[in-house]
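In: test case, fold it:
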Amino acid sequence: SLKHQVLLTSYQHDAVDNVVARSGVFGLPAIKVGGKKDEANQQQLNSIDTWTNKVVNDLKLSVENEIQSSDEFKLVDAISSLVFQIKNSNSAQFNYQNLIELQLKLKKLATEYGIKVSAKIEKNVDQLIEQFSLSSSYALTNIQKQELTIATRALRTDSISYDDDGSLRLTRLIQLLKDLKNNDYDLEKLKATIENGVDIDFDFLKNIKNQLLDTLQEKFVLPHQRWLKSGQSKNLSELILELEASLVSTPRLGQLYYRKKYLDSLMFEKKQVQESLKEYSAVLGATCQQAAGEAMTGIKSVEHSKNINFDSVIVDEAARANPLDLMIPMSMARRRVVLVGDHRQLPHMLEPRVEKELQDKNELEIIDHELLQQSLFERLYHSLSKYEKEGSTEHQRVVMLDTQFRMHPELGSFVSEEFYERFGLPPVKAGFDESYFPLDVPGYEGKLAAWINVEPSKGKMSSKNGSKYRDCEAEVIADEAYKIITARPDLSVGIITFYAAQRDHIIEKMVSRKVMEYSSTGSNVLSEFRMTKPISGGKPEERFRVGSVDAFQGKEFDVVLLSTVRSWNEADEITQETVNDQLGFLRIPNRINVAMSRQKRLLIVVGDKSLASLSLNELMPESIRTSENEKLLVGFPKFFNELCQKEKGIVL
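Out: Numbering: from 1, shown residues only. This next block holds a predicted model:
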């Protein structure tokens, strides 16, 4: 059995959510197990709902089009809808009208398409019609009833009023009475009254008027007579089963019927769908630590976490997991372990003690000693590559992906040269040509790179709870993002920053623009801006996100706005302390790599353009250099000078 035999895991919930959303086997989605505190169940439901919505979007239009082109299927669908309404109504009049319509549609289905129900079912429908036909008034629509009531009340029944407009009023009443089925009114005598014009029998007219008004009065129906009994409801269900059996017996209508049934189940039976997917899915997702948690032991039906195992364990963003965390899922694999990652992107996560120290003034001193140490993934990469070169292993253990399909070729070349080739790695080629990435973002037509200069005079960097923020930058970014997402609902937009405080400021401004909202679990994107609205039949994707670099690894957006927060003041002497104090997290190439490689079409850097100074593109002084080709600052100077100031770039 393939049930629950593949584990997808990563170091953080965001990374797991990302890979789970894109994975599946045999058309079934991966199921998220566990989650953030107080959000585990909701996160599992989100992964299932994402898959369900995608399948519904893919299937709904084609099914609806096929139904519209099949008259007999539309009839059966309409009959099913009528039966549902009848079974759930407590109005005798409503049921009577629907039963009459049901009878007509059944006759049409039989005479025009040869799809019949049994004589027993027909008899049951006739009996129901008789039961709910309490008076002729129930055979009228509300509009007919209203018109007939007005005409009856207007009937003249004495000589004085009749001489005024009695003939006209009586003619109108006769016309309406003709529409009544099985009425027992003497229409011929009424017509004769008009034709004679003299010796009018006003007593006859009074009787007609009173009878009609009595008939048109709402009748009180006992509560137990207003809806179907259980046996009657069962009979109507059998009617639907007979019709469905007739549809299934024909190949064309049968496949359409099952696709419609499948679509209805996905849309209206969410709980059953969730339980079925959890039962049959081959792929489970969890963070490295929660792979051995209580939720996983429950879904794997084992007594202890030591009994949890999988045929295959796939670790995404493996370069980010520290060795102890990484060993948890790796030890669960029976046949294979696949580590997927990029040691040139975000390094492995630190212990909480170290993360707290990073918030202090000397953040980069801690980084140099602990954060930039090799991860287990990187050590395995280098050692296995060495074994392959030496011929020490018969099997290929390392696969280097050398083609990117995410972004415009010129943006891809920038990332390849700045973050890979200069560190001795092979070039990353473009998988798609530039025609695949139209440069049509409103306000940035023809551009793939932009720098919005926010000078120091507009506002300085501040600190909050040990994190950095710059309010003027947050305001500019919020304005630009709002313009783009409201002008182009088909484009996805991501806002990245290096600091939690700046992220929170940007979120606050997007809340004020009614793009996001605060909730008991933090902040959320409003439903209107949650998914893209493709113009030409594409698949909806995440439309908007604000977050730190950590939350964006593995993500991609059409447009990315990057908030720098920091500035650079030229120093008389370049020292490790000077550079670290001014640039902070911007000194880490891995973080810059992730931040500047999430875009598909357009990257907009928002911040002080002093960070683009050519002096920052120089190598660190040899005496304090930690590696042979260490620059003062990677990414920003090259991006500004070689992309923003060229034909497809712009500086604002």
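In: in stretch 474-484, what counts as buried?
Out: Neighbour counts using 16 or more other CB atoms under 10 Å place 474-478, 480-482, 484 of stretch 474-484 among the buried residues. Using the backbone N, CA and C atoms, a C-beta is placed for each residue, glycine as well.
In: counting contacts, what elements does the strand or helix carrying residue 53 pack onto?
Out: Residue 53 is part of helix 40-68, with elements assigned from DSSP states H and E. Applying 3 or more CB pairs under 8 Å, 6 or more residues apart in numbering; DSSP states H and E, one finds that helix 40-68 contacts helix 13-21, strand 28-29, strand 31-32, helix 71-87, helix 251-268, helix 270-280.
In: which of the ones you listed sits most buried?
Out: Mean neighbour count, computed with mean count of other CB atoms under 10 Å, is highest for strand 31-32 among these, reaching a mean of 26.
In: out of the buried residues of stretch 474-484, who's nearest residue 87?
Out: residue 482 (48.4 Å; CB to CB).
In: can you tell me the SS state at the most far-flung residue of the chain relative to its centre?
Out: Going by CA atoms, centre = their mean, the residue of the chain most distant from its centre is residue 199, 77.2 Å out. The local conformation at residue 199, judged by DSSP: H, G, I helix; E, B strand; the rest coil, is coil.
In: what separation is there between it and residue 193?
Out: 9 Å (CB to CB, to the nearest Å).
In: find residues that contact each of the two.
Out: Common neighbours of residue 199 and residue 193, counting by CB atoms under 8 Å, 6 or more residues apart in numbering, are absent.
In: quick one: strands adjacent to the top strand by length along the chain?
Out: Among the segments of the chain that qualify as a strand by DSSP state E, the longest is strand 599-607. Partners of strand 599-607 in the sheet, by DSSP bridges, are strand 449-453 (parallel), strand 557-563 (parallel).
In: quick one, which of these gets closest to residue 156.
Out: Among the strands paired with strand 599-607, if distance is taken as CB to CB, the winner is strand 557-563, at 74.4 Å.
In: got the CA positions of the closest one in PDB?
Out: Output of strand 557-563 as PDB, limited to C-alpha atoms (Å, rounded to 0.1, in the frame of the first residue of the first chain):
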ATOM      1  CA  PHE A 557       5.600  36.400  -7.200                       C
ATOM      2  CA  ASP A 558       5.200  38.300 -10.500                       C
ATOM      3  CA  VAL A 559       6.400  41.500  -8.700                       C
ATOM      4  CA  VAL A 560       8.500  41.800  -5.600                       C
ATOM      5  CA  LEU A 561       9.100  45.000  -3.600                       C
ATOM      6  CA  LEU A 562      12.200  44.800  -1.300                       C
ATOM      7  CA  SER A 563      12.500  47.100   1.600                       C
END
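In: so how far is that strand off the chain centroid?
Out: Its chain's C-alpha centre and that of strand 557-563 lie 20 Å apart, by CA atoms, centre = their mean, to the nearest Å.
In: give me the residues contacting it.
Out: Against strand 557-563 from outside (CB under 8 Å, 6+ apart): 441, 470, 473-474, 477, 480-481, 484, 491-498, 502, 506, 542, 545, 595-596, 598-607.
In: what comes up buried for the helix or strand harbouring residue 329?
Out: Counting by DSSP H and E, the element that carries residue 329 is helix 323-330. Within helix 323-330, the residues scored as buried using 16+ other CB under 10 Å are 325-326, 328-330.
In: closest one of these to residue 8?
Out: residue 329 (9.3 Å).
In: who's in contact with the closest one?
Out: Contacts of residue 329 by CB under 8 Å, 6+ apart are 7, 9, 288, 291, 313, 315.
In: of those residues, buried ones?
Out: 7, 9, 288, 291, 313, 315.
In: identify the residue nearest the fifth one in space, chain neighbours excluded?
Out: Going back to what we said before, that points to residue 313. Excluding its sequence neighbours, the residue lying closest to residue 313 (CB to CB, 6 or more residues apart in numbering) is residue 333, at 4.0 Å.
In: distance of the one you found relative to residue 548?
Out: 31 Å.
In: please apply the same query to residue 94.
Out: Distance from residue 94 to residue 548, by CB to CB: 57 Å.
In: how about residue 51?
Out: On the measure of CB to CB, residue 51 and residue 548 end up 27 Å apart.
In: ok, residue 207 next?
Out: From residue 207 to residue 548 the distance is 86 Å (CB to CB).
In: alpha carbons only: can I get stretch 280-300 in PDB?
Out: Extracted in PDB, the C-alpha atoms of stretch 280-300 (Å, rounded to 0.1, in the frame of the first residue of the first chain):
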ATOM      1  CA  TYR A 280      -6.100   7.700   1.000                       C
ATOM      2  CA  SER A 281      -3.300  10.300   0.500                       C
ATOM      3  CA  ALA A 282       0.100   8.900  -0.100                       C
ATOM      4  CA  VAL A 283       2.000  12.000   1.000                       C
ATOM      5  CA  LEU A 284       2.100  13.600   4.400                       C
ATOM      6  CA  GLY A 285       3.800  16.900   5.300                       C
ATOM      7  CA  ALA A 286       5.200  18.000   8.700                       C
ATOM      8  CA  THR A 287       8.100  20.100  10.100                       C
ATOM      9  CA  CYS A 288      11.200  18.100  11.000                       C
ATOM     10  CA  GLN A 289      10.300  18.100  14.700                       C
ATOM     11  CA  GLN A 290       6.500  17.400  14.200                       C
ATOM     12  CA  ALA A 291       7.300  14.500  12.000                       C
ATOM     13  CA  ALA A 292       7.700  12.700  15.400                       C
ATOM     14  CA  GLY A 293       4.800  14.400  17.100                       C
ATOM     15  CA  GLU A 294       1.500  13.200  18.500                       C
ATOM     16  CA  ALA A 295      -0.500  14.200  15.400                       C
ATOM     17  CA  MET A 296       1.800  12.000  13.200                       C
ATOM     18  CA  THR A 297       1.600   9.000  15.500                       C
ATOM     19  CA  GLY A 298      -2.200   9.300  15.300                       C
ATOM     20  CA  ILE A 299      -2.400   9.400  11.600                       C
ATOM     21  CA  LYS A 300       0.100   6.600  11.200                       C
END
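In: this structure - how does it break down into domains?
Out: Domain assignment for the chain, taken from the TED database, gives 6-34+282-403, 70-137+223-249, 142-216, 409-651.
In: indicate which one of those domains is closest to residue 58.
Out: Taking the domains of the chain one by one with CB to CB, domain 409-651 is closest: 7.6 Å.
In: and the closest one, how far apart are its ends?
Out: Domain 409-651 has an end-to-end distance of 21 Å (CA to CA, to the nearest Å).
In: again with stretch 575-593
Out: So stretch 575-593: terminal residues 24 Å apart, CA to CA.
In: that one: which residues count as buried?
Out: Buried residues in stretch 575-593 (16+ other CB under 10 Å): 576, 579-580, 582-593.
In: report the rounded mean pLDDT for that stretch.
Out: In this model, stretch 575-593 has an average pLDDT of 88.
In: I'd assumed residue 495 was in contact with residue 548.
Out: No. Using CB atoms under 8 Å, residue 548 is not in contact with residue 495, being 10.3 Å away.
In: so those two - more neighbours on which side?
Out: Ranked by neighbour count (other CB atoms under 10 Å), residue 548 and residue 495 place residue 495 first, with 27 against 17.
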